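**Student:** Dropping a prediction and its sequence here:
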Amino acid sequence: MSPKWFYDALGSKLFDAICDLPEYYPTRTEMKLFADHAPEMARRAGTGRVLIELGSGNGEKVRRLMAHLRPRAYVGVDISKEVLHSATAKLKDEYPQLSVYAVCSDFSSGFRAPAELPAAARLYFYPGSSIGNFTPEQAVALLKPLARPGDALLIGVDLIKDRQTLESAYDDALGVTAAFNLNLLARMNRELRADFDLSRFRHVARFDEGLSRIEMHLESTTEQSVCLDERKFSFAAGERLHTESSYKYSVEGFAALAARAGWTLAQRWTDERRRFAELLFEA
Ligand code: TRP
């Protein structure tokens with residue numbers, strides 16, 4: 001499924017909770033990279049650019065870079081309207097001089113910039129390793145149209161690591177990630193008038209080393225059938241819906257992918273345990 005469907009109002013709140021979980025290292029690790037390297041990131045990426053954040057969410061990440069990057073304008077792009085508008089309003093409060101734009105859209109099918117945007121060089125900011133929620137082919141297709149000469153891309157990439165760390169990051173003891181995944185079924189019940197019984201599905205997260213991705217599934221715990229619109233879907237006990245993948249890369253592997261989309265690696269920042277990378281590319 002396209003990752004965008006996870007982020008309705010409730011899903012966005014559950015995702016914020018995921019980011020606070022002890023098991024979910026990516027957000028914390030990336031925040032630490034910003035805390036340690038923001039001035040250098042800004043120096044390398046360039047100040048005075050038009051800063052465009054893809055999947056801007058609650059806006060916590062760009063806030064760490066803002067004072068250093070000093071962009072000419074900021075554009076937050078997100079699928080989740082409530083979250084987008086509260087984040088851009090907050091940013092506008094903090095930086096009254098800054099031109100702030102909010103674009104509520106699905107950038108996976110192409111990003112359309114607001115017409116009034118200054119013509120300055122752009123810096124695309126895509127933190128959180130959400131690029132990993134697309135297949136490598138989709139990721140290339142997404143990044144390729146953005147690669148215009150003079151523009152730059154600062155992107156967060158989750159690195160390949162041991163199975164235990166990866167699987168617990170996507171299957172936490174509190175069950176928040178399970179709730180985030182199951183919310184898809186609840187959302188189908190709410191919005192598509194389906195009748196999923198959530199108590200008869202369980203969250204499963206497995207690392208597929210060959211494909212280098214975490215797979216999220218919802219497994220039917222019993223034989224059952226579900227109605228959606230006029231159609232009936234039958235599940236055997238143990239049958240799974242594959243709802244999401246999260247690809248993990250090496251820095252070199254991701255640089256090779258980005259190269260296919262017209263981007264050249266200019267600088268890398270990683271934590272000392274090499275869990276996560278913030279990568280700067282030039283078109
Ligand atoms: N971009 C996040 C990631 O891949 C999204 C995410 C975190 C997610 N936990 C999840 C998606 C659980 C589906 C299910 O790390």
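**Tutor:** That came through, no problem.
**Student:** name the helices or strands packed onto the top helix by length along the chain?
**Tutor:** The longest helix of the chain (DSSP state H) is helix 25-45. Helix 25-45 makes packing contacts with helix 60-69, strand 152-158, helix 163-169, strand 264-270, strand 276-282 when contacts are defined by 3 or more C-beta pairs under 8 Å, 6 or more residues apart in numbering; DSSP states H and E. In short, each C-beta sits where N, CA and C put it, glycine included.
**Student:** looking at those, which is buried most?
**Tutor:** strand 152-158 (a mean of 24; mean count of other C-beta atoms under 10 Å).
**Student:** Need the nearest residue in space to residue 236, chain neighbours excluded.
**Tutor:** Counting by C-beta to C-beta, 6 or more residues apart in numbering, residue 236 lies nearest to residue 223, which is 5.7 Å off, once chain neighbours are set aside.
**Student:** who touches the one you found in this structure?
**Tutor:** 234, 235, 236, 237 (C-beta atoms under 8 Å, 6 or more residues apart in numbering).
**Student:** isn't residue 35 right up against residue 64?
**Tutor:** Yes - using C-beta atoms under 8 Å as the test, residue 35 is close enough to residue 64 to be in contact (6.7 Å).
**Student:** Please name the nearest non-neighbouring residue to residue 10.
**Tutor:** residue 183 (5.9 Å).
**Student:** Does anything pack onto the helix or strand containing residue 256? Which helices or strands?
**Tutor:** Per DSSP states H and E: residue 256 is located in helix 251-260. Secondary-structure packing of helix 251-260 (3+ C-beta pairs under 8 Å, 6+ apart): helix 136-143, strand 152-158, strand 264-270, strand 276-282.
**Student:** Out of those, the one nearest the ligand is which?
**Tutor:** strand 152-158 (6.4 Å; C-beta to the nearest ligand atom).
**Student:** which residues does the residue of the stretch 101-250 of the chain found nearest the ligand contact?
**Tutor:** Here the residue of the stretch 101-250 of the chain nearest the ligand is residue 246; by C-beta to the nearest ligand atom that distance is 3.3 Å. Going by C-beta under 8 Å, 6+ apart, residue 246 touches 129, 132, 133, 158, 170, 213, 214, 216.
**Student:** ok, so what distance separates the fifth one from residue 178?
**Tutor:** With the distance defined as C-beta to C-beta, to the nearest Å, residue 170 ends up 10 Å from residue 178.
**Student:** Which one's more surrounded, those two?
**Tutor:** residue 170 (23 against 20; other C-beta atoms under 10 Å).
**Student:** circling back: now the helices and strands packed on helix 25-45 as JSON lines including distance to the ligand?
**Tutor:** Shown next, in JSON lines, are those (distance: least, C-beta to the nearest ligand atom, whole Å):
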{"stretch": "helix 60-69", "distance to the ligand": "12"}
{"stretch": "strand 152-158", "distance to the ligand": "6"}
{"stretch": "helix 163-169", "distance to the ligand": "7"}
{"stretch": "strand 264-270", "distance to the ligand": "17"}
{"stretch": "strand 276-282", "distance to the ligand": "10"}
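**Student:** Would you convert those into JSON lines that also reports mean pLDDT?
**Tutor:** Shown next, in JSON lines, are the helices and strands packed on helix 25-45 (pLDDT from 0 to 100):
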{"stretch": "helix 60-69", "mean pLDDT": "94"}
{"stretch": "strand 152-158", "mean pLDDT": "98"}
{"stretch": "helix 163-169", "mean pLDDT": "98"}
{"stretch": "strand 264-270", "mean pLDDT": "98"}
{"stretch": "strand 276-282", "mean pLDDT": "98"}
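**Student:** Can you convert these into CSV and add a column each for distance to residue 209?
**Tutor:** Below are those laid out as CSV (distance: least, C-beta to C-beta, whole Å):
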stretch, distance to residue 209
helix 60-69, 29
strand 152-158, 15
helix 163-169, 7
strand 264-270, 21
strand 276-282, 19
